[in-house]
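> sharing a model that was predicted from the sequence below.
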Amino acid sequence: MTEKKIAVIVGSLRRDSFNRKMAKALAALAPASLKLEVIEIAGLPLYNEDIETDPPPVAWNAFRAQIAASDGVLFVTPEYNRSVPAALKNAIDVGSRPYGKSVWNGKPGAVMSVSPGAIGGFGANHHLRQSLVFLNVPAMQQPEAYIGNVANLFDESGNLASDSFREFAVKFMQAFAAWVETGTGSK
């Protein structure tokens, strides 16, 4: 089994967000077959076809190249107003253009929604999955990952403090490694 490069998209822009902490924890718990790298989205100009010129914004090109070079994508996102944050939606739009040249096409994916609330970002998780269907990103179906009450999962240093969640996260990452290895995406 060769190492697979996984682009991790964190929906929250806050430096010390629970989502960023979760992405870091998942990277530490991932099987050796996966190499996770957070791809930053904060600097992406809002998608506007008028600036999809020759050349498009440098940040768009860099982002598209990072996603294109990955073997799969893991989304770790909060929920804003029963949907994904605007920055995450913008990143999806930037990667899907220009029309016919989507860098998402065929990349196996997984979604983990993370929230301090009890329902764990259920709305964001499912809203994101709707976009992934259109983008031809086959999203791992099981285990589902709606992580609520996230503030209780980390200690003061930002490390996972819950053994039961750590066990779930290891299983989630093992399932994702198997999902990526099957090459379920078709281009």
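Everything's here; your move.

> where along the protein do the strands fall?
Taking DSSP state E, the strands of the chain run over residues 4-10, 34-38, 72-77, 109-114, 146-147.

> can you put the ones you listed in a markdown table and add mean pLDDT?
Formatted as a markdown table, the strands of the chain follow (pLDDT from 0 to 100):
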| stretch | mean pLDDT |
| --- | --- |
| strand 4-10 | 98 |
| strand 34-38 | 98 |
| strand 72-77 | 98 |
| strand 109-114 | 98 |
| strand 146-147 | 96 |
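
> pretty sure Phe154 is touching Asp16, no?
No: if you go by CB atoms under 8 Å, Phe154 and Asp16 don't touch, sitting 10.4 Å apart. From N, CA and C alone the C-beta is placed, and that goes for glycine too.

> who has more neighbours, those two?
Shown here are Phe154 and Asp16; by other CB atoms under 10 Å, Phe154 has more neighbours (17 against 8).

> ok, now how distant is that one from Phe134?
Per CB to CB, to the nearest Å, Phe154 is found 34 Å from Phe134.

> likewise for Ser157?
Distance, Ser157 to Phe134, using CB to CB: 40 Å.

> between those two, who's got more neighbours?
Phe134 (11 against 6).

> what's the spacing between the residue nearest the centre of the chain and Ala7?
In the chain, the C-alpha nearest the mean C-alpha coordinate belongs to Phe75, at 1.4 Å (CA atoms, centre = their mean). Look at Phe75 and Ala7: by CB to CB, they are 9 Å apart.
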